[in-house]
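S.K.: structure here, sequence nowhere to be found:
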């Protein structure tokens, strides 16, 4: 006959391919109803149907399902026919994941090692890789010397701001609402945290927080921060103060000078220790702040 192939002809050709694939992997020559004693099929209770295709057995023959679903066709592991069937289903399902692919395949077929094969199909799919590429994971750099030194608490300090929050400026019936920020000082050695409240992001406001911190924790040797304007301004004022009062400082406060270090610009990952403290502070503050009358019951940003 000439012309397009009919459905019955396509089905018969596909059944021939299935029989050839199964005969190559499972069936003993000359014995259609037997399998090798070491075959993994023995746990599936296999049998040959009327078309000499190997199917799985089971106890659900009386279930109201399709015959292919009750007795799925067994596919050999890593066979080209098995791979082609799974790849075709993967494309028809619009490049689904391995779990969905295996579920759909098992509606008619039972591939041995199907979970592993489904993962390989999805992993080797070029379209799936382009849609969700795996980025490179960079090796983290060495810790700074301040993180590895033995020193008293708050000898090496990291500093950062958290916020903003909304603060009531009085206890009257209609108080004014002002913005406030939290200035966090974290010990680079012990990871102890000191928290100060400020209502401005200015150098003078930071100096007030810094004086309160020194009065409570003592004068640090080194302060590390990002490149915030209030931090740069504070550093410049400290340098000018040291220059103007150099003789007096040398006589009385030589051992108490403060070294200010800045991390590289636009590199917040260099300040991971105080960024983690900011996260922890916000985590606890947002859960406790609703019970405090002086704060608004929410936090901005």
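M.R.: Yes, it's here. None of the values given here were measured: they were computed from a predicted structure.
S.K.: what does the longest helix along the chain rub up against?
M.R.: Scanning the chain for the helix with the most residues, using DSSP state H, yields helix 7-25. With contact meaning CB atoms under 8 Å, 6 or more residues apart in numbering, helix 7-25 is reached by 5, 51-54, 73-77, 79, 81-82. Glycine gets a C-beta too; all of them are placed from N, C-alpha and C.
S.K.: so which of those residues comes closest to residue 213?
M.R.: Relative to residue 213, the closest of the contacts of helix 7-25 is residue 77; by CB to CB it sits at 66.5 Å.
S.K.: how far away is the closest one from residue 271?
M.R.: Distance of residue 77 to residue 271, given as CB to CB, to the nearest Å: 52 Å.
S.K.: so what's the residue lying closest to residue 281 once chain neighbours are set aside up against?
M.R.: Excluding the flanking residues, the one nearest residue 281 by CB to CB, 6 or more residues apart in numbering is residue 162, at 5.5 Å. When contacts are counted by CB under 8 Å, 6+ apart, residue 162 touches 181-182, 184, 278, 281-282.
S.K.: residue 204: which of those is nearest?
M.R.: Using CB to CB, the contacts of residue 162 come closest to residue 204 at residue 181, 13.9 Å.
S.K.: got the phi and psi for the closest residue to the closest one other than its chain neighbours?
M.R.: Closest residue to residue 181 apart from its sequence neighbours, by CB to CB, 6+ apart: residue 163 at 3.7 Å. Here is the backbone geometry of residue 163 (degrees, to the nearest 10): phi 140, psi -160.
S.K.: circling back to that earlier point, which residue in the contacts of helix 7-25 has the weakest pLDDT?
M.R.: Minimum pLDDT across those is recorded for residue 5, with 82.
S.K.: return the set of buried residues in stretch 207-221.
M.R.: For stretch 207-221, burial by neighbour count (16 or more other CB atoms under 10 Å) applies to 209-210, 213, 217, 219-221.
S.K.: correction: stretch 87-105
M.R.: The neighbour-count check on stretch 87-105 (16+ other CB under 10 Å) flags 89-90, 96, 98, 101-102, 104-105 as buried.
S.K.: please apply the same query to stretch 186-203.
M.R.: Across stretch 186-203, burial judged by 16+ other CB under 10 Å covers 186-189, 193-194, 196, 198, 201, 203.
S.K.: in helices, which of those fall?
M.R.: Among the buried residues of stretch 186-203, the residues falling in helices (DSSP H) are residue 203.
S.K.: need the pLDDT of the nearest residue to residue 52 once chain neighbours are set aside.
M.R.: Nearest non-adjacent residue to residue 52, counting by CB to CB, 6+ apart: residue 19, 5.8 Å away. Note for residue 19: predicted pLDDT of 91.
S.K.: can you check residue 230 too?
M.R.: 67.
S.K.: before we move on, back to that, looking at the contacts of helix 7-25, which is nearest residue 156?
M.R.: Set against residue 156, the nearest of the contacts of helix 7-25 by CB to CB is residue 77 (59.1 Å).
S.K.: please identify which helix or strand holds that closest one.
M.R.: Residue 77 belongs to no helix or strand when assigned by DSSP states H and E.
S.K.: any figure for the gap between the residue nearest to residue 95 when sequence neighbours are not counted and residue 113?
M.R.: Using CB to CB, 6+ apart and skipping the chain neighbours, the partner closest in space to residue 95 is residue 128 (5.2 Å). Using CB to CB, residue 128 is found at 20 Å from residue 113.
S.K.: measure residue 213 to residue 100 for me?
M.R.: Distance from residue 213 to residue 100, counting by CB to CB: 56 Å.
S.K.: after the least confident helix or strand in the chain by mean pLDDT, next one along is what?
M.R.: Ranked by mean pLDDT, DSSP states H and E, the helix or strand of the chain with the weakest confidence is helix 246-252, at a mean of 46. Where DSSP H and E defines the elements, the next helix or strand beyond helix 246-252 is strand 259-262.
S.K.: ok, residues contacting the following helix or strand past that next one?
M.R.: Next helix or strand after strand 259-262 toward the C-terminus (DSSP H and E): helix 272-288. Contacts to helix 272-288, defined as CB under 8 Å, 6+ apart, come from residues 147, 158-160, 162, 165, 182, 184, 186, 188, 191, 193, 195, 268, 299.
S.K.: buried ones in helix 272-288?
M.R.: Residues 273-275, 277-278, 281-282, 285 are the ones in helix 272-288 that count as buried (16+ other CB under 10 Å).
S.K.: so which of the contacts of helix 272-288 are in strands?
M.R.: 158-160, 162, 165, 182, 184, 186, 193, 195 (DSSP state E).
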